[in-house]
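Participant: Below are the sequence and a predicted model; questions follow.
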Amino acid sequence: MSGLGNSGSGGRPGSLEARRAAALERLKQVGQDHLLAFWDRLDDAARESLLAQVDSLPLDVVDREARAIRAGRASADSVPPDLAPASVLRRGDIDVAHWSAAGERVIRAGRVACFTVAGGQGTRLGWDGPKGIFPSTPLSAKPLFQVFAEAIAAARARYGAMVRWYIMTSPLNDAQTREFFASHSWFGLGAGTVTLIPQGTLPSLSRDGRMLLSSPSVIAVNPDGHGGAVRALRDSGALEQMRREGIDTLSMFQVDNPLVRVVDPLFIGLHTEHPASSAEASSKVVPKRNAAEKVGVFCASGGRTMVVEYSDLPAALASSAHADGSLRFNAGSIAIHAFGVPFLERIAQGAGALPLHHAAKKVPHVSVPEGQPVEPPSPNAVKLETFIFDAVPLATKALVLETDRDEEFAPIKNAQGEDSPASSRTAQLERAARWLESRGTRVARDASGALRCEIEISPLTACDAGEIPARLIPREVSEGQTLMI
Ligand code: UTP
């Protein structure tokens, strides 16, 4: 038991009290010593836990960001003056068969793994639990994770190669995610080939740059953003495993897009071998729906490619158009990337390679020194997070491929309206219908072209129209019919 009266002297070296004194000293230097305000009230287990939390804090980073907040600066969120639209490859510009064959060779050689970022909190959707468990497909209501698992199983079978799957969870949803996969026998992929990696956290800061306590012994933290993937992949040993196994390319996507092509030979081929790529960071984009659409935009500055968040793109640029009326800054990010493993190893060196962004957030906490619970009615704090797309400008050459929204992007983000379960369902039904139509099926539609039937195609059956086995293609899907193939 540590001596309470001993706080000033520091206690025996290595004792709880000595460690408290050392922690207090470090916290004082950055104006955050209020974190130990309730020390005298805590039992030893809570003290140990609190000291461990303090030890794991990147205090230099916290201090830098706290100063930025106090000065009214959002450190990562300014836009360079020479911003121009990124140069984008379109299918019409390339030999699709050539690059697809190149990608297929890379996949067959076992050089590709999938990576899903699934550590988000899914607050907009309002789903209680990991978003990957959300029932997403139109007829069979498969959870998102199952959709990806089936697509990965299909890729393994098709290319005769191991395709490992890494999934970034967060400390908040890791246990539930693990339990979900275990209870579904890892969807037949083999437990050893699916790796869950919890991401790190960063402290939330008050508007005057002070860290918050969610209880007297717990520092309020939030997951460190999808950019935390770089650190998580390194610290978990995943990058090391990939290097050992000859995996040099990571096909990365978010957890909420059931239309994603988890392993796309064309994209992999372009990423690994096209002259516009350094095989470091490649991305897929879709044309923006309109100037106001809330997606990041691929831009160029100082010879580098970068993503500018919709909220940071000046309105005049967002709406500027070519003579034919099309948007100049039109390359909307859909968060599908290919990353080179050596590139991730390179940028993972040196903590904080990715800049920190600030977001306003409601953070319940206890007041200091009163110790009263505070439930803020409106955002009271700043959440610090990193974004994976900030890795793009670190690549020597970043390839950007435009793709078809209807084919590859129907995310489930909001409870209703755009990017919701309902809009994603419609997009999935439409894509399945289109695939069958392209293979000769007559699909029931009304005069306006709206579907009058429901079709779902399992990723185990096909991951594009051409893969659907001829014997499964019906002559017709009639009005009111539901068809699962
Ligand atoms: P979103 O920006 O959609 O955030 O994440 P979210 O947390 O899922 O949802 P909201 O904003 O609370 O409604 C995009 C992708 O990045 C992952 C998410 O799981 C999703 O796949 N992500 C986000 C992480 O893995 N970690 C994070 O810290 C944040």
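Facilitator: Received, thanks.

Participant: can you tell me how far S277 sits from L189?
Facilitator: With the distance defined as C-beta to C-beta, to the nearest Å, S277 ends up 29 Å from L189. Backbone N, C-alpha and C define where each C-beta goes, glycine included.

Participant: The two: who's more crowded?
Facilitator: A count of neighbours by other C-beta atoms under 10 Å puts S277 above the other of S277 and L189, at 23 against 20.

Participant: was I right about the more buried one contacting V400?
Facilitator: No: S277 lies out of contact with V400 (C-beta atoms under 8 Å); the separation is 9.6 Å.

Participant: Just the buried positions in stretch 22-35, please.
Facilitator: Buried residues in stretch 22-35, defined by neighbour count with 16 or more other C-beta atoms under 10 Å: A23, L24, L27, V30, G31, Q32, L35.

Participant: Residues contacting it, please?
Facilitator: 10, 36, 50-51, 54-55, 59, 62-63, 66, 209-211, 213, 219, 368-369 (C-beta atoms under 8 Å, 6 or more residues apart in numbering).

Participant: surely V295 meets V307?
Facilitator: No: the pair V295 / V307 is not scored as a contact, 9.4 Å apart, by C-beta under 8 Å.

Participant: any idea which helix or strand carries R244?
Facilitator: Using DSSP states H and E, R244 sits within helix 238-245.

Participant: Any idea which residue of the stretch 101-250 of the chain lies closest to the ligand?
Facilitator: Closest approach between the stretch 101-250 of the chain and the ligand, counting by C-beta to the nearest ligand atom: G120, at 2.3 Å.

Participant: That residue belongs to a strand?
Facilitator: No: under DSSP: H, G, I helix; E, B strand; the rest coil, G120 falls outside any strand and is assigned coil.

Participant: got a pLDDT number for it?
Facilitator: If you check G120, the pLDDT there is 92.

Participant: residue contacts, the closest residue to it other than its chain neighbours?
Facilitator: The shortest distance from G120 to any non-neighbouring residue, by C-beta to C-beta, 6 or more residues apart in numbering, is to K131 (6.4 Å). Counting by C-beta under 8 Å, 6+ apart, K131 touches A118, G120, G122, L125, L144, V255, D256, I412.

Participant: still on that earlier bit, so for V295 and V307, which sits in the more crowded spot?
Facilitator: Of the pair V295 and V307, V307 is the one with more neighbours under other C-beta under 10 Å, namely 27 against 20.

Participant: For the lengthiest strand in the chain, what is the distance to the chain centroid?
Facilitator: The longest strand of the chain (DSSP state E) is strand 331-340. On the basis of C-alpha atoms, centre = their mean, to the nearest Å, strand 331-340 sits 10 Å off its chain's mean C-alpha point.

Participant: Packing partners of it?
Facilitator: strand 249-254, helix 265-273, strand 281-287, strand 297-301, helix 405-408 (3 or more C-beta pairs under 8 Å, 6 or more residues apart in numbering; DSSP states H and E).

Participant: Out of these, flag the one nearest the ligand.
Facilitator: Per C-beta to the nearest ligand atom, nearest to the ligand of these: strand 249-254, 3.4 Å.

Participant: Just the CA atoms of the closest one, as PDB, please.
Facilitator: Written as PDB, here are the backbone C-alpha positions of strand 249-254 (Å, rounded to 0.1, in the frame of the first residue of the first chain):
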ATOM      1  CA  THR A 249       0.200  -5.700 -51.300                       C
ATOM      2  CA  LEU A 250      -2.700  -4.900 -49.000                       C
ATOM      3  CA  SER A 251      -6.200  -4.500 -50.500                       C
ATOM      4  CA  MET A 252      -7.900  -2.100 -48.100                       C
ATOM      5  CA  PHE A 253     -11.600  -1.300 -47.600                       C
ATOM      6  CA  GLN A 254     -14.000  -0.100 -45.000                       C
END
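
Participant: List the neighbouring strands of that strand plus their orientation.
Facilitator: strand 112-117 (parallel), strand 331-340 (antiparallel) (DSSP bridges).

Participant: Out of these, which is the most enclosed?
Facilitator: Burial of these is given as mean neighbour count (mean count of other C-beta atoms under 10 Å); strand 112-117 ranks first at a mean of 26.

Participant: Touching that strand from outside, list them.
Facilitator: 106, 132, 148, 152, 161, 163-168, 226, 229, 233, 242, 247, 249-255, 262-263, 268, 339, 388.
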